[in-house]
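Colleague: here you go, sequence then predicted model.
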There are 2 protein chains.
Amino acid sequence: MNVKLSSAILVTILGVCTYTYGQKQKPLILSSQGTFSAGGTVAKSEGTFDPLKAWNVPQGGQSRHGDHADVFYQIPIKSKKLSMVFLHGYGQSRRSWQTTADGREGFSDMFLRKGYSTYLVDQPGRGLAGQATKPAQITAIPDDQTWFTQFRIGLYPNFNEGVQFPKDSLSLDKFFRMMTPNTGAVEEATIVNSMSAVFDKSGKGILFTHSAGGAPGWKTAIKNENVKAIVAFEPGGFVFPEGQVPEGNRGGRGIPMEDFKKLTKIPIVIYFGDYIPETETNAASLNFWRNVLATARQWAKVVNANGGDAAVVHLPEIGIKGNTHFIMLDLNSKEIADHLMRWLKEKGLDK
Amino acid sequence: MNVKLSSAILVTILGVCTYTYGQKQKPLILSSQGTFSAGGTVAKSEGTFDPLKAWNVPQGGQSRHGDHADVFYQIPIKSKKLSMVFLHGYGQSRRSWQTTADGREGFSDMFLRKGYSTYLVDQPGRGLAGQATKPAQITAIPDDQTWFTQFRIGLYPNFNEGVQFPKDSLSLDKFFRMMTPNTGAVEEATIVNSMSAVFDKSGKGILFTHSAGGAPGWKTAIKNENVKAIVAFEPGGFVFPEGQVPEGNRGGRGIPMEDFKKLTKIPIVIYFGDYIPETETNAASLNFWRNVLATARQWAKVVNANGGDAAVVHLPEIGIKGNTHFIMLDLNSKEIADHLMRWLKEKGLDK
């Protein structure tokens, strides 16, 4: 066989390989990047510390700095006025935004490329914010299949039909390895305080929340005026005005109307994915999300009745099908980002 | 008071503020960045999984993917041939390399700016690699002062004289918050396997280790030929040829000569900081490091006697004083990076 190739053909072949393998894009140009901790508490023990004793002798008279959020930020050149702050959900970390199961570019990087400064948070007692002041017992009980099912990838071992999630075993392996446990008992108020401290550093910005990050997200916006908009992916909890918490729905809690009103001053969009049934089914995981979606719709009504601007986007209703609970890392994450960019533009949040 | 300022003066003031606060530098230009997990194991439980049950009912018949390393990588445009892979020490994470106590640019970013691709690792059961397959009890016992002392910042509450560590309370707060606990019981072999898997992905590179990362670092180089050099900051353990482990020294273990020989094929530099006494003192922390330094010197002798190229740089001996155990984030981290760049150039590792 003659293997001589003209250099023009060779360049074309190499070009295609680079494009396919590396998803070749324009360079990412940053003015700076770094990390910081935000918020947190300090625990102290009784006794007197003796610095001459060996390090492996437990001693009293000491402090433990913990319960802070840990933040990795990147500032692009010519950055937009508003930053973006990303808070993960249960059992997760900033990884939810930084990557996808099949290794494509993460959701937050798509917006970094568009000129938004990004602040990726690990909440107190999670990931790189591992130092907590209250103990934890990590059982390490196998539970991958529970989360596969609860996150609506499918009813394990079956994938949902038409699901926007890669079905190869390597992707599933990567997805399972994104889970990470709580390293200490942390109250919601501690998370809210640390998130508010993040916004003190980020300046005015858009708060992204996922799942269990939703509930402390609302309270962060109430606490810190730097939160200028909220994008919530399937938030797992809501705050209603006291006395207006709907019965029978999941994750609604009452707060003073004066606080609730603050959520009516900023644009809010909430996304829900596919496979959420309209009526009760025999699958507990699906019924759970059915309740959450119903609560979200009721919540948006109350926000808007009080002069707010909250929209619930149930993706299948606008023709975007197959999304799991991890909308931002599903196979159609770019389509979701494009939809969101249009919303940001419509609300004047893209300057 | 007249507060009118000429625009020229205003620009000057703003310029100075930007320089002081943001340590203004040239933009950082990346061709890509991302995350992956490397290595790991899978645990399985007995029983049958029923996907119709609620997520909060513990069920058998499941898997748990854990014990992997978690990696954040950044590739600069026009990258050098060798990557750099960074492994942290005890109680630490990639934060050791990504930042400093006083918020200056992290050590790894200095080399990213010089054109090295950087791979920042959280080892299995730490930080963002939190998912482990064996349980952990995190006690949250206050121990900041133990580490302040053991890491040779001083004998708490006193700072060492002339120490290259910021003495303000905010910096100390940030430093303490960099600690993060083990989230599961992980054996050294698991760490070595995951580090080798990191080098499978990074390609040929230079391995940086700190403290407890030192011991698995040597074994990673023995296991994976992609490790082309090692830079070890105060490594806490060493591998000697079987039968040649020095008595009375800390952290030496025996391995087959055939394996040891692999460490004689690559250039190795080991850095030690200040405040390591020449004779026994009444401070257990200082005696510990005295033993480690003595072992390192003995180790380098054995490597070089077998045809290797290992150097121990005890910084005070070359006039660089005041370094703690965290040489890479001390106040003179840029001076250390410059010294290291000269070594890399001398060994031809800067192409």
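Modeller: Great, that's in hand.

Colleague: use CA for all of it now, contacts and neighbours both
Modeller: Fine.

Colleague: nearest residue to the closest residue to chain B within the stretch 201-350 of chain A in space, ignoring adjacent ones along the chain?
Modeller: Residue nearest to chain B within the stretch 201-350 of chain A: A:Ala283 (4.3 Å; CA to the nearest CA). Sequence neighbours aside, B:Leu52 is the residue nearest to A:Ala283 in space, at 4.3 Å (criterion: CA to CA, 6 or more residues apart in numbering or on different chains).

Colleague: tell me how many other residues crowd that neighbour.
Modeller: 17 (other CA atoms under 10 Å in any protein chain shown).

Colleague: how about A:Val42?
Modeller: 15.

Colleague: and the pLDDT for it?
Modeller: Here, the pLDDT recorded for A:Val42 equals 98.

Colleague: quick one, phi/psi of it?
Modeller: Dihedral pair for A:Val42: phi -130, psi 120, per degrees, to the nearest 10.

Colleague: residue contacts, it?
Modeller: A:Val42 makes contact with A:Ser63, A:Arg64, A:His65, A:Gly66, A:Thr133 under the criterion CA atoms under 8 Å, 6 or more residues apart in numbering or on different chains.

Colleague: also A:Phe233?
Modeller: A:Phe208, A:Thr209, A:His210, A:Ser211, A:Gly214, A:Ile270, A:Tyr271, A:Phe272, A:His325, A:Phe326, A:Ile327, A:Met328.

Colleague: repeat that with 10 Å
Modeller: A:88-89, A:208-214, A:269-273, A:312-313, A:325-328 (CA atoms under 10 Å, 6 or more residues apart in numbering or on different chains).

Colleague: which members of those occur in strands, if any?
Modeller: Mapping those onto strands (DSSP state E) picks out A:Phe208, A:Thr209, A:His210, A:Val269, A:Ile270, A:Tyr271, A:Phe272, A:Val312, A:Val313.

Colleague: low-confidence ranges, the stretch 251-351 of chain A, go.
Modeller: A:251 (pLDDT under 70).

Colleague: can you list the residues of it near chain B?
Modeller: A:Thr281, A:Asn282, A:Ala283, A:Ala284, A:Ser285, A:Leu286, A:Asn287, A:Phe288 (CA under 10 Å from any CA of the partner chain).

Colleague: among those, which pair sits farthest apart?
Modeller: A:Asn282 and A:Phe288 (11.2 Å; CA to CA).

Colleague: neighbour count for those two, which is higher?
Modeller: A:Phe288 (19 against 10).

Colleague: how about the more buried one, secondary structure?
Modeller: Assigned by DSSP: H, G, I helix; E, B strand; the rest coil, the conformation of A:Phe288 is helix.

Colleague: that one contacts A:Gly237, correct?
Modeller: No - using CA atoms under 10 Å, A:Phe288 makes no contact with A:Gly237, being 11.8 Å away.

Colleague: follow-up on the earlier one: from A:Thr149, how far off is the residue nearest to A:Ala283?
Modeller: 9 Å (CA to CA, to the nearest Å).

Colleague: so what sits against both of those two?
Modeller: A:Leu155, A:Tyr156, A:Ala283, A:Ala284, A:Ser285, A:Leu286.

Colleague: what is the burial count for A:Ala221?
Modeller: Neighbours of A:Ala221 (other CA under 10 Å): 26.

Colleague: surely it is in a strand?
Modeller: No - under three-state DSSP, A:Ala221 sits outside any strand and is assigned helix.

Colleague: give me the spatial nearest neighbour of it, chain neighbours excluded.
Modeller: In space, A:Ala221 is closest to A:Val227, 5.2 Å off (CA to CA, 6+ apart).

Colleague: next: A:His65.
Modeller: A:Val42 (4.6 Å).

Colleague: partners of the single longest strand found in chain A, with directions?
Modeller: Ordering each strand of chain A by length in residues (DSSP E) puts strand A:28-38 first. Strand partners for strand A:28-38, identified by DSSP bridges, are recorded as strand A:69-76 (antiparallel), strand B:28-38 (antiparallel).

Colleague: returning to that earlier point: of the shared contacts of B:Leu52 and A:Thr149, closest to A:Pro277?
Modeller: Using CA to CA, those come closest to A:Pro277 at A:Leu286, 6.6 Å.

Colleague: quick one, helices of chain A?
Modeller: With helices called from DSSP state H, chain A shows them at A:7-22, A:95-98, A:107-113, A:144-150, A:169-176, A:188-202, A:214-223, A:257-260, A:284-305, A:333-346.

Colleague: what's the neighbour count on the residue lying closest to A:Gly115 once chain neighbours are set aside?
Modeller: Distances taken as CA to CA, 6+ apart put A:Ser79 closest to A:Gly115, at 4.8 Å, once the chain neighbours are dropped. Residues near A:Ser79, counting by other CA under 10 Å, number 17.

Colleague: A:Ser79 contacts A:Leu30, correct?
Modeller: Yes - contact criterion CA under 10 Å: A:Ser79 and A:Leu30 qualify, at 9.2 Å.

Colleague: how many residues are close by the closest residue to A:Leu349 other than its chain neighbours?
Modeller: Nearest non-adjacent residue to A:Leu349, counting by CA to CA, 6+ apart: A:Leu82, 7.1 Å away. Neighbour count of A:Leu82, defined by other CA under 10 Å: 22.

Colleague: correct me, but A:Leu82 touches A:Tyr119?
Modeller: No - at 11.3 Å, A:Leu82 does not count as touching A:Tyr119 under the criterion of CA under 10 Å.

Colleague: mind listing the shared neighbours of those two?
Modeller: By CA under 10 Å, 6+ apart, the residues touching both A:Leu82 and A:Tyr119 are A:Ser202, A:Gly205.

Colleague: so what's A:Met341 up against?
Modeller: A:Phe111, A:Lys114, A:Glu335, A:Lys347, A:Leu349, A:Asp350.

Colleague: going by neighbour count, which of these comes out on top?
Modeller: Neighbour-wise, the contacts of A:Met341 (other CA under 10 Å) top out at A:Leu349, 19 neighbours.

Colleague: pLDDT score assigned to the residue positioned nearest the centre of chain A?
Modeller: For chain A, A:His88 is the residue whose C-alpha lies nearest the centre (CA atoms, centre = their mean; 3.0 Å). What the model reports for A:His88 is a pLDDT of 98.

Colleague: and the residue lying closest to it once chain neighbours are set aside, bridged to which residues?
Modeller: Nearest residue to A:His88 in three dimensions, chain neighbours excluded: A:His210, at 5.2 Å (CA to CA, 6+ apart). Going by DSSP bridges, A:His210 is paired in beta bridges with A:Phe233.

Colleague: only C-alpha atoms, please: export stretch A:338-351 in CSV.
Modeller: The C-alpha trace of stretch A:338-351 is given here as CSV (Å, rounded to 0.1, in the frame of the first residue of the first chain):
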residue,chain,number,x,y,z
ASP,A,338,-28.3,29.1,24.8
HIS,A,339,-31.8,29.3,26.2
LEU,A,340,-30.5,30.8,29.4
MET,A,341,-28.4,33.4,27.5
ARG,A,342,-31.6,34.6,25.8
TRP,A,343,-33.2,35.0,29.2
LEU,A,344,-30.2,36.9,30.6
LYS,A,345,-30.3,39.2,27.6
GLU,A,346,-34.1,39.7,27.9
LYS,A,347,-33.6,40.7,31.5
GLY,A,348,-30.6,43.0,30.8
LEU,A,349,-28.2,40.8,32.8
ASP,A,350,-25.7,40.4,29.9
LYS,A,351,-24.0,43.9,30.0
